[in-house]
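[1] what's the 3D shape of this:
(2 chains)
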Amino acid sequence: MTPIERLQERVRAQQTRLLVRRWEVRQSATSKGTWYRLRRALAFADAVYAVDAATLAVLLAEGWKRAPVGDELEPTRDYVFVSRERASRIASARPLKIRLSAELLAEPHIVLVPFEGITPT
Amino acid sequence: MTFRDRLLATLRCIAPVLEVKGVLVIGSEVPNLLERGAASTLVISQDVDIGIPISAHAEVKRQLELVSGLRPSSEEPSVWLPADATCIEVNFVGFDPSSSDPGSTWVFEDEALPLMVFGALSFLREGPPIHAEGLRVPVPRIAGLLLEKLVTDRTGEKGDRDLLVCAGLIEVSTPGDLDELVETLAGLSKEIKQTIRANLSSLSLLPKLAGMPDPELSRGPIAVLLSRVGDR
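    Numbers count the residues shown, from 1 in each chain, chains lettered A, B, ... in the order given. Have a look, this model is predicted:
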């Protein structure tokens, strides 16, 4: 194989990867995009805490909203963005590392604090 | 001999090429060069990428005749190998600033210096040069370099390391750089925007790797960028 043929081979491989990526992007609005949407929600968070069901119920009653991505998992999870001030008043809140980890995924009720000035969309 | 010594020695060897208008040092070594005094404390890769505008290909070939201390690989003439351990590999890649398709990849065919031409490199625009130990190093503007890194397919550990380079770039970027990135992004396709959102989100959650830029330091700016880019 000549050097130019080797480069052309790399171009073909690159074009194949691009086709796969385009397919993935087209699927991003469907269930294939769930992990992306969860990563994105976590990317908005400056802090993440595990809370118990009773605390979560209180937060929802106060009007804090669940992020829709929690409904895309099975079993469903509660991901709720609250203000830093509100989170600081949750005595039982257990801080979690902000990673898409087994530890985080195992928690059914999660409170997220967005970075200052950010409204998660 | 430190990595910085080897990187600067390599750039000194290819200085005749760096004099050609439009040629840029690109890729993963740019965050190293952007450190104060081009300190190069990050361990990113053992090569340096040089972006060649296709329109300057003939002139670059002429200037390569003046280069010593490196020679082209017989298997891959776009890669120049160091004669000894004082330098690192040089990888020449092509770009076409007038290209409007960031997804395109093609081969610029030439016996002596064939080049892979990457459409994503068309985001690069010449920025203020870096001056280190008497060397003038042309580098791209940070916004374009960030865009190029964020639209390129990233998979596996190599992909993670490439994304962490973005963390290094975000760390040294100014608010103006990020404004420029968002403004450029506004005119791009839905697919590219989605790729960038996905890569930014992944970067935000990456753990720190030894010798690499710390993604924790970029999480706040990434959240702001994601917010500004929107979800559509």
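[2] drop to CA atoms for contacts and neighbour counts, all remaining ones
    OK.
[3] Quick check: can you list the domain ranges of chain B?
    Using automatic domain parsing, the domain parsing of chain B gives B:1-140, B:141-232.
[4] For the helix or strand that contains B:A58, name the packing helices and strands.
    Secondary-structure assignment from DSSP states H and E places B:A58 in helix B:57-64. On a contact count with 3 or more C-alpha pairs under 8 Å, 6 or more residues apart in numbering or on different chains; DSSP states H and E, helix B:57-64 meets helix B:15-18.
[5] And the helix it packs on, what does it pack against?
    Helix B:15-18 sits against helix B:57-64, with contacts defined as 3+ C-alpha pairs under 8 Å, 6+ apart.
[6] what comes into contact with the helix it packs on?
    Helix B:57-64 is contacted from outside by B:I14, B:P16, B:V17, B:V20, B:I52, B:A112, B:L113, using C-alpha atoms under 8 Å, 6 or more residues apart in numbering or on different chains.
[7] let's see 6 Å
    For helix B:57-64, the external contacting residues (C-alpha atoms under 6 Å, 6 or more residues apart in numbering or on different chains) are B:P16, B:V17.
[8] The helix or strand following it and chain A, are they touching?
    Under the assignment DSSP H and E, the closest C-terminal helix or strand after helix B:57-64 is strand B:70-72. No: using C-alpha under 6 Å from any C-alpha of the partner chain, strand B:70-72 stays clear of chain A, coming no nearer than 11.5 Å.
[9] Direction included, what does strand B:70-72 pair up with?
    Here strand B:70-72 is paired, per DSSP bridges, with strand B:79-82 (antiparallel).
[10] Nearest approach to A:A45 belongs to which of the domains of chain B?
    A:A45 sits nearest to domain B:141-232 of all the domains of chain B, at 7.8 Å, using C-alpha to C-alpha.
[11] what is the mean pLDDT for the closest one?
    Averaged over domain B:141-232, pLDDT sits at 88.
[12] what secondary structure does B:I50 sit in?
    Classification of B:I50 using DSSP: H, G, I helix; E, B strand; the rest coil returns strand.
[13] and it, how many neighbours does it have?
    22 (other C-alpha atoms under 10 Å in any protein chain shown).
[14] try A:A54
    A:A54 - counted by other C-alpha under 10 Å - has 9 other residues nearby.
[15] can you check the one 3 residues further on too?
    Residue neighbour count, defined by other C-alpha under 10 Å, stands at 12 for A:A57.
[16] how about it, phi and psi?
    When read as degrees, to the nearest 10, the backbone of A:A57 gives phi -60, psi -40.
[17] Pull the contacting residues for B:E148.
    Shown in contact with B:E148 (C-alpha under 6 Å, 6+ apart): B:A120, B:L121.
[18] Unless I misread the structure, it falls within a strand.
    No: read with three-state DSSP, B:E148 is helix and lies in no strand.
[19] Quick one: mean pLDDT for the helix holding B:A58?
    For helix B:57-64, the mean confidence score works out to 97.
[20] Next, the buried residues of it.
    Of all the residues in helix B:57-64, those buried under the rule 16 or more other C-alpha atoms under 10 Å in any protein chain shown are B:H57, B:V60, B:Q63, B:L64.
[21] Which parts of the chain are helices?
    You didn't pick a chain, so chain A it is. Secondary structure of chain A (DSSP state H): helices at A:3-26, A:34-43, A:53-61, A:84-88, A:102-106.
[22] oops, chain B please
    Remark: helices assigned in chain B by DSSP H are B:3-13, B:15-18, B:30-34, B:57-64, B:142-151, B:156-172, B:175-186, B:190-205, B:219-229.
[23] helices and strands around the third one, which ones?
    Identification of packing neighbours for helix B:30-34 by 3 or more C-alpha pairs under 6 Å, 6 or more residues apart in numbering or on different chains; DSSP states H and E yields no helix or strand.
[24] Give me the contacts around it.
    Contacts of helix B:30-34 (C-alpha under 6 Å, 6+ apart): B:S40, B:G168, B:L169.
[25] so who does the residue sitting nearest the centre point of chain B touch?
    In chain B, the centroid-proximal residue (C-alpha atoms, centre = their mean) is B:G27; its distance is 2.0 Å. Applying C-alpha under 6 Å, 6+ apart, we find B:G27 in contact with B:D49.
[26] So for it, what's the pLDDT?
    For B:G27, the model assigns a pLDDT of 85.
[27] now A:A54
    On the pLDDT scale, A:A54 is placed at 97.
[28] and if you look at B:H131?
    According to the prediction, B:H131 has pLDDT 92.
[29] What is the neighbour count of it?
    Neighbours around B:H131, by other C-alpha under 10 Å: 14.
[30] what do you get for B:P140?
    B:P140: 23 surrounding residues under other C-alpha under 10 Å.
[31] cool, and the one 4 residues further on?
    Residue neighbour count, defined by other C-alpha under 10 Å, stands at 24 for B:G144.
[32] One more: A:I118?
    By other C-alpha under 10 Å, the residues close to A:I118 number 17.
[33] phi, psi of it?
    Backbone dihedrals for A:I118, given as degrees, to the nearest 10, come out at phi -100, psi 130.
[34] can you tell me how far it sits from A:A87?
    Distance, A:I118 to A:A87, by C-alpha to C-alpha, to the nearest Å: 16 Å.
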